[in-house]
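>>> Need a 3D model of the following:
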Amino acid sequence: MLKPAELKDIRKEISTIDRKSLEEICGKLIRFKKENKELLSYLLFWSEDEILFQEELTSAITDLMQDVNTISVFWAKKTIRKVVRHMNRYLGFSGNKITEIEVRIHFCEEMKKLSLNIHESKVLVNIQEAQIKKIHTALKSIHEDLQRDYEERIVELSL
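This next block holds a predicted model:
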C-alpha cells in the first residue's frame, strides 16, 4: 500500500513545480473530491473576507433549516445532522473562532425556531447541547470582553 508523502516533502516539491503544472495538479485535486473543491473555493473567494463568509454560511444554514421536515422527528433529525455536517466542514476551513461562535449560535437559534419540540427527542437535545459545548470551547480562545457579549446570547439558547 502506498503511503502519502510527508507534508514537508510535499511543500518542497510544490516549490519546484512551475505554475502551469501546479494549475493542472489543482485542477485534478478539485475534481477528485467535493471537499477539495469546497476548500479551494473558501481559500480563493472567502478567506480574505471572513464577514462575507460568515454571512454566506449563516444564510446557507437558514435555507437548509427551512427544509427540515418538522412533521416527523425521525426525518428532522436526519436533516439537522446533515446541516451540522455541512456547518462543521465549512467552519473547519475557516478556523476563525468568532466566525465559529456566530455560526453555531445562528444554528442553535434556527433550531429553536423550528415548529418542533426539541425536548421530545434525546438526539435533538444532544445536537443542541453539543453545539453549545462547542461554542463554550471556542469562547475560551477569544478576548474576555467578547466572551461576555456572547455569554448573554448563549444563555438565551439554553432556555
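>>> so where's the chain uncertain?
159 (pLDDT under 70).
>>> what does the helix or strand where Asn126 lies contact?
Element membership of Asn126, judged by DSSP states H and E, is helix 122-139. Outside helix 122-139, the residues that touch it by CB atoms under 8 Å, 6 or more residues apart in numbering are 73, 76-77, 80-81, 84, 97, 100-101, 104-105, 107-108, 111, 116, 118-119, 147, 150-151, 154, 157-158. C-betas here are computed from N, CA, C, even on glycine.
>>> Can you list the buried residues in it?
In terms of neighbour count (16 or more other CB atoms under 10 Å), helix 122-139 has its buried residues at Leu124, Ile127, Gln128, Gln131, Ile132, Ile135, Ala138, Leu139.
>>> Domains in this protein, by residue range?
The chain breaks down into these domains under automatic domain parsing: 13-48, 49-158.
>>> Pipe those into CSV and attach distance to Ala5 per row.
CSV is the format used below for the domains of the chain (distance: least, CB to CB, whole Å):
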stretch, distance to Ala5
domain 13-48, 8
domain 49-158, 22
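>>> what's the most buried one of these?
Ranked by mean neighbour count under mean count of other CB atoms under 10 Å, those are led by domain 49-158, which reaches a mean of 15.
>>> Endpoints of that one, how far apart?
In domain 49-158, first residue to last residue: 31 Å (CA to CA, to the nearest Å).
>>> for stretch 62-82, same thing?
One end of stretch 62-82 to the other measures 13 Å (CA to CA).
>>> any idea how far that stretch is from the chain center?
Mean-position distance between stretch 62-82 and its chain equals 17 Å (CA atoms, centre = their mean, to the nearest Å).
>>> Dihedrals phi and psi, Thr70?
The phi/psi pair for Thr70 (degrees, to the nearest 10) reads phi -90, psi 0.
>>> Fine by me, thanks again.
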